[in-house]
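A.B. asks: build me a model from this:
(chains A, B, C and D)
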There are 2 protein chains.
Amino acid sequence: MLNSEQQQIAHFNKKLLNTKSRCQKCAVNSLCLPSGLNDDELAELESVITSSKITNKNQTVFTLGEAFTSLFVVHSGMFKTTVVDESGKERIISFHLPGEIMGLDGIHSNVYQSTSTALAMSSFCKIPYNGLLDIAEDYPVIQRNLLKVMSKEIFNCKKNHLDLGSKAKLALFIKNISRRFKARGYSDEEFFLPISQRDIASYLGMAEETLSRIFKKLQKQEVVKYSKHILTILDKSELSEIIEH
Amino acid sequence: MLNSEQQQIAHFNKKLLNTKSRCQKCAVNSLCLPSGLNDDELAELESVITSSKITNKNQTVFTLGEAFTSLFVVHSGMFKTTVVDESGKERIISFHLPGEIMGLDGIHSNVYQSTSTALAMSSFCKIPYNGLLDIAEDYPVIQRNLLKVMSKEIFNCKKNHLDLGSKAKLALFIKNISRRFKARGYSDEEFFLPISQRDIASYLGMAEETLSRIFKKLQKQEVVKYSKHILTILDKSELSEIIEH
DNA sequence: CGGCTGTTTGATGAGTGTCAACGAATGTGG
DNA sequence: CCACATTCGTTGACACTCATCAAACAGCCG
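C.D. replies: Predicted coordinates:
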């Protein structure tokens, strides 16, 4: 594992490890279910969070086909969720940053519809779904937050359904990730991304080789740079240009 | 307007028009929010539905940017929802059949994120969101149903994010639509689809011409036929083959 | 050191978008 | 009811993007 990666993970994790009053002290609570809750509601929410756990790279949080019991929230690090498509290939359907909820697709069928895997040493919180529903009855704001999160997920997902060229797809992905890093207090121009190019290619639905060539082109044009998992955005406006065609 | 279309619309609509006890008598209540509700809960749900309305072709239900107030459920007919992508072009993000909920993407921002338009003479029910939340507090099963619907939406959306060739994309779309018609009591092998090829192409993210050529190829191979808005599936297993590659 | 895994590079061909033009079907106004 | 305009679907030619195959390379690990 690279030094830069270890540094970054240490950075991600240094605020954690205190399992009491998880949410109150969590760096990303404003982006997560606790958003807008008062102390009383927050305490109630914390009471249903049964555990926070640290995982190593490549460990799974839940697996496609497993019985659905809980939602999971990224606390630190990063995760990918994958499905198996009709022709049997694994496909990445999303990447999850701190504060983002995983497992939502299991609600409707009581079975996880995807597999979540840590991309680096990471940590997450486990929220038993039935417990969450119980407190949601007493605290409408928690219910509303959950619905908002899901609504946002639907919206983002539909918008990404766009048909763009490979270059624009990558540009959009980078802008999207950049925005999410910024929302979490990191630089939106340079950040550590523990995602392999293969995984980015899978997520964007293109061949690994194509992605490599596009990265090279963008680097030559001094738009972005991706080396040793450090993504650097050199020309933000050009990035937007590419997307708009 | 064609005879076949008018017939079909009449067929869709003939059960409606009684605005009392809407849900109890609705043909698609088992696919909709009322699913699994007892009489008491159903009455409560019906009490928040402020209106059922019939629209002509091309009329909009809500518009991108408008303040979000209500969810809408298709009662009969069909609707499309559209967004404007980064380069300014209109893109269709979904088609809605009876029992399906529209407007979910407005929840998180209090603004509709898409525009919904009737594809034929259609009818829909309006469910004020605040009213729905109020009764969801008293009737947890309603809350759970809403969450399930949204979860399903997320799942379907992510799965569709697949990267397939144009032929497979169309095959998948047809299978998907067919399944939804079947769930509503119609034949899954021949049905009226008030969607223009242009709209299908936009939804699938391909050129109109490409879609036309693929339809022709599939017709020559006697897999499916699409003429005068009547879609006929001739070889269901071949359709699945195409998807699996 | 050799064996991994992840990334790069080149050559090639299939699939698709684009442009242009036309035909068919539909809607409109007199 | 007919002439016209408009939308919708079809067809052909062409260029270009991108997936695929094959091979080599770089960094990392034991």
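A.B. asks: and the longest helix seen in chain A with helix B:140-160, angle?
C.D. replies: Among the elements of type helix in chain A, defined by DSSP state H, the one spanning the most residues is helix A:140-160. Between the direction of helix A:140-160 and that of helix B:140-160, the angle (axes from the mean of the first three to the mean of the last three C-alpha atoms, to 10 degrees) works out to 20 degrees.
A.B. asks: need the contact list for the closest residue to residue A:210 other than its chain neighbours.
C.D. replies: In space, residue A:210 comes closest to residue A:166 once its chain neighbours are excluded; the distance is 5.4 Å by C-beta to C-beta, 6 or more residues apart in numbering or on different chains. (Glycine included, C-beta is placed from N, CA and C.) For residue A:166, the contacting residues are A:204, A:206, A:210, A:211, A:214, by C-beta atoms under 8 Å, 6 or more residues apart in numbering or on different chains.
A.B. asks: what residues are up against the last one?
C.D. replies: Shown in contact with residue A:214 (C-beta under 8 Å, 6+ apart): A:166, A:167, A:170.
A.B. asks: wasn't it part of a helix?
C.D. replies: Yes: checked against DSSP: H, G, I helix; E, B strand; the rest coil, residue A:214 lies within a helix.
A.B. asks: quick revisit: quick check: the residue nearest to residue A:210 vs residue B:158, distance?
C.D. replies: Between residue A:166 and residue B:158 the distance is 20 Å, computed by C-beta to C-beta, to the nearest Å.
A.B. asks: repeat that for residue A:50.
C.D. replies: Distance check for residue A:50 against residue B:158: by C-beta to C-beta, it reads 26 Å.
A.B. asks: what is the nearest of the contacts of residue A:166 to chain B?
C.D. replies: Proximity of the contacts of residue A:166 to chain B, judged by C-beta to the nearest C-beta, is greatest for residue A:206, which lies at 7.2 Å.
A.B. asks: from memory the closest one sits against residue A:169, does it?
C.D. replies: Yes: using C-beta atoms under 8 Å, residue A:206 is in contact with residue A:169, at 7.0 Å.
A.B. asks: quick one on the thing from earlier: between residue A:50 and residue B:158, tell me which one has more neighbours.
C.D. replies: For residue A:50 versus residue B:158, the count of surrounding residues by other C-beta atoms under 10 Å in any protein chain shown is larger for residue B:158: 23 against 12.
A.B. asks: near DNA strand C, which residues of chain A?
C.D. replies: In this structure, chain A approaches DNA strand C at residues A:163, A:196, A:197, A:198, A:208, A:209, A:212, A:213, A:215, A:216, judged by C-beta under 7 Å from any atom of the strand.
A.B. asks: quick one: which two of those are the most distant?
C.D. replies: The most widely separated members of the residues of chain A next to DNA strand C are A:163 and A:196, with 24.8 Å between them, by C-beta to C-beta.
A.B. asks: may I see the buried residues of the strand or helix carrying residue A:42?
C.D. replies: Secondary-structure assignment from DSSP states H and E places residue A:42 in helix A:39-48. Buried residues in helix A:39-48, counted by 16 or more other C-beta atoms under 10 Å in any protein chain shown: A:41, A:42, A:44, A:45, A:46, A:48.
A.B. asks: my guess is the fifth one meets residue A:22, correct?
C.D. replies: By that I understand residue A:46. Yes: because the distance of 5.8 Å satisfies C-beta under 8 Å, residue A:46 is recorded as touching residue A:22.
A.B. asks: and residue A:83, helix, strand or coil?
C.D. replies: strand.
A.B. asks: and the gap between the closest residue to it other than its chain neighbours and residue A:84?
C.D. replies: Residue nearest to residue A:83 in three dimensions, not counting chain neighbours: residue A:114, with 5.0 Å by C-beta to C-beta, 6+ apart. Note on residue A:114: its distance to residue A:84, by C-beta to C-beta, is 9 Å.
A.B. asks: shared neighbours, the two?
C.D. replies: Contact criterion C-beta under 8 Å, 6+ apart; residues shared by residue A:114 and residue A:84: residue A:64.
A.B. asks: neighbour count winner among those two?
C.D. replies: The neighbour count for residue A:114 versus residue A:84, taken as other C-beta under 10 Å, is higher for residue A:114 (26 against 13).
A.B. asks: before we move on, back to that, dump the residues of chain A next to DNA strand C into JSON lines; add distance to residue A:56 and pLDDT as well.
C.D. replies: As requested, the residues of chain A next to DNA strand C are arranged in JSON lines below (distance: C-beta to C-beta, whole Å; pLDDT from 0 to 100):
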{"residue": "A:163", "distance to residue A:56": "37", "pLDDT": "83"}
{"residue": "A:196", "distance to residue A:56": "16", "pLDDT": "95"}
{"residue": "A:197", "distance to residue A:56": "21", "pLDDT": "95"}
{"residue": "A:198", "distance to residue A:56": "19", "pLDDT": "95"}
{"residue": "A:208", "distance to residue A:56": "25", "pLDDT": "95"}
{"residue": "A:209", "distance to residue A:56": "30", "pLDDT": "96"}
{"residue": "A:212", "distance to residue A:56": "27", "pLDDT": "96"}
{"residue": "A:213", "distance to residue A:56": "32", "pLDDT": "96"}
{"residue": "A:215", "distance to residue A:56": "27", "pLDDT": "95"}
{"residue": "A:216", "distance to residue A:56": "32", "pLDDT": "94"}
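A.B. asks: what distance do you get for the residue most central in space within chain A to residue A:71?
C.D. replies: The centre of chain A sits closest to residue A:96, judged by C-alpha atoms, centre = their mean, with a distance of 1.0 Å. Taking C-beta to C-beta as the criterion, residue A:96 is separated from residue A:71 by 12 Å.
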